[in-house]
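**Student:** Quick one, fold the following:
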Amino acid sequence: LPRVTFPLFFSMEPIVGGFFPIAVTLLLGITDAIPLWSALALGLAWYVAEALMAISLGWNCTLRQAAAWVMRDVALPALWFAAISGSGFEWRGNLMNVKKDSLVEAD
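**Tutor:** You can find the predicted model right below:
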């Protein structure tokens, strides 16, 4: 749905999570453009900042939750590519279709 309703924001989704900046930093570290430990430092800073935000808002913040944040960021690029490859999905047993022309028909 965001792909059709907010295409500009949807196009940027793969780069706004932690995966892209940490992966680029890791690649730069492997090629000796920057120190390799920079990727670890960025990853640590990224998720510590997320943990501090969660704590400040009174949200659940455990090691298990932090592992879920990492898994979310690793899965995001694959989910994004899956989203651009089709328009149909199933939601709670109901087949749905998100196309520009189907949104016009719904109005």
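
**Student:** what's around residue 18, how many residues?
**Tutor:** As a burial measure, residue 18 scores 20 neighbours (other C-beta atoms under 10 Å). C-betas here are computed from N, CA, C, even on glycine.

**Student:** Work out for me the element the residue positioned nearest the centre of the chain sits within.
**Tutor:** Geometric centre of the chain, nearest residue: residue 76, 3.9 Å, by C-alpha atoms, centre = their mean. Secondary structure from DSSP states H and E places residue 76 in helix 63-84.

**Student:** With only the CA atoms kept, save that helix in CSV.
**Tutor:** Output in CSV follows, covering the C-alpha atoms of helix 63-84 (Å, rounded to 0.1, in the frame of the first residue of the first chain):
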residue,chain,number,x,y,z
LEU,A,63,18.3,-8.1,24.5
ARG,A,64,15.6,-10.1,22.8
GLN,A,65,14.0,-6.8,21.6
ALA,A,66,17.4,-5.6,20.3
ALA,A,67,17.8,-8.8,18.4
ALA,A,68,14.4,-8.2,16.8
TRP,A,69,15.5,-4.7,15.7
VAL,A,70,18.5,-6.2,14.0
MET,A,71,16.4,-8.8,12.3
ARG,A,72,13.9,-6.2,11.2
ASP,A,73,16.7,-4.1,9.6
VAL,A,74,18.3,-7.1,7.9
ALA,A,75,14.9,-8.2,6.5
LEU,A,76,13.8,-4.8,5.3
PRO,A,77,15.6,-4.9,1.9
ALA,A,78,14.2,-8.3,1.0
LEU,A,79,10.7,-7.2,2.1
TRP,A,80,11.0,-4.0,0.0
PHE,A,81,12.0,-6.0,-3.1
ALA,A,82,9.1,-8.3,-2.5
ALA,A,83,6.8,-5.3,-2.3
ILE,A,84,7.9,-3.9,-5.6
